[in-house]
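In: A predicted structure for the sequence below; I have some questions about it.
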Amino acid sequence: MVHNEHNKIKNSSSFGVIILGALLLILAPTINPSNPVLGISSLIGGIVIGGVGFYLKFIRNREKTN
């Protein structure tokens, strides 16, 4: 049917990766404030994971259409 293509969820996993990166970026340093190395590594990890999700969601799709 024509409506099958319209109702498909597209790239929902990349949006989940963005959400996971944001949660890691915000929540992880506050969980254990006595260990600053863990906090800084979680900040860097949140930025990297969010950046990968942003790339998968927006940049890769833009490259496919051009």
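Out: On my side now, so go ahead.
In: Could you tell me the model confidence score at Pro29?
Out: The model reports Pro29 with a pLDDT of 76.
In: If we ignore the residues flanking it in sequence, what's nearest the spatially most central residue of the chain?
Out: With distances taken as C-alpha atoms, centre = their mean, the residue of the chain nearest its centroid is Ile18 (1.8 Å). Leaving out its chain neighbours, the residue that sits closest to Ile18 by C-beta to C-beta, 6 or more residues apart in numbering is Gly53, at 3.6 Å. Every C-beta, even on glycine, is put in place using the N, C-alpha and C of the backbone.
In: How about the contacts made by that neighbour?
Out: 14-21 (C-beta atoms under 8 Å, 6 or more residues apart in numbering).
In: Is there a quick PyMOL command that grabs whichever of these are buried?
Out: Only the buried members of the contacts of Gly53 enter the following PyMOL selection, criterion being 16 or more other C-beta atoms under 10 Å:
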select buried, resi 14+17+18+20+21
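In: Among the contacts of Gly53, name the least confidently predicted one.
Out: Taking the contacts of Gly53 together, the minimum pLDDT is found at Ser14 (78).
In: how close does the residue lying closest to that one once chain neighbours are set aside get to Leu38?
Out: Distances taken as C-beta to C-beta, 6+ apart place Leu56 nearest to Ser14, at 3.6 Å, with adjacent residues excluded. Going from Leu56 to Leu38 by C-beta to C-beta, to the nearest Å gives 27 Å.
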